[in-house]
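**Student:** Predicted model and sequence follow; I will ask about them next.
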Amino acid sequence: MRRVLVVDDHQDGADSLGLMLELLGATTRVVYDGQSALQIIDEFLPEVVFLDIGMPLMDGYDVARAIRQRPEHRGIHLVALTGWGRDDDRRRSLEAGFDRHLVKPLDPAALKDVLGE
């Protein structure tokens, strides 16, 4: 069973994604901002983080960079969640340390694919 952290400032969307992931067999935690994600990550030790890019205060790029700077968390699979899907958007997410870039609304097959990795 995978441990998955969902980080999105849109609470309904974050809670819905967390529920979908649980239905797919994951153990999930949901937080609504980047600072909370960085606080819970040491305790929860997720294998996968679904991380919204467009959050206020600390966006997903900053959170991804902060996670990647910590040697103990470099193995976490980071998945960008965004409404932005242009090539430049995908390049920016990879440069920030994301492993995958998914455009909202999410395809349930993509979620299964990520959990299967």
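**Tutor:** Looks like it came in fine.

**Student:** can we go C-alpha only for contacts and neighbour counts from here?
**Tutor:** Fine.

**Student:** Which per-residue confidence value corresponds to residue 82?
**Tutor:** The score at residue 82 is 89. That number is its pLDDT.

**Student:** That one pairs with what?
**Tutor:** On the basis of DSSP bridges, residue 82 is bridged to residue 103.

**Student:** And for residue 50?
**Tutor:** Going by DSSP bridges, residue 50 forms beta bridges with residue 6, residue 79.

**Student:** and stretch 25-39, which residues are buried?
**Tutor:** By neighbour count on 16 or more other CA atoms under 10 Å, the buried set for stretch 25-39 is 26, 27, 28, 29, 30, 31, 32, 33, 34, 37.

**Student:** Next, the first one: phi, psi?
**Tutor:** Reported as degrees, to the nearest 10, the phi and psi values for residue 26 are phi -90, psi 150.

**Student:** contacting residues around it?
**Tutor:** 1, 2, 3, 4, 115 (CA atoms under 8 Å, 6 or more residues apart in numbering).

**Student:** Check the gap between it and residue 38 for me.
**Tutor:** Counting by CA to CA, to the nearest Å, the separation of residue 26 from residue 38 is 20 Å.

**Student:** just the fifth one next, same as before
**Tutor:** Relative to residue 38, residue 30 is positioned 12 Å away (criterion: CA to CA).

**Student:** now the strands for this protein?
**Tutor:** 3-7, 27-31, 48-52, 77-82, 100-103 (DSSP state E).

**Student:** returning to what we had before: what's the PyMOL line that selects buried ones from the contacts of residue 26?
**Tutor:** Those of the contacts of residue 26 that count as buried under 16+ other CA under 10 Å are selected in PyMOL with:
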select buried, resi 2+3+4+115
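
**Student:** just curious, which of the contacts of residue 26 is nearest to residue 105?
**Tutor:** Set against residue 105, the nearest of these by CA to CA is residue 115 (17.3 Å).
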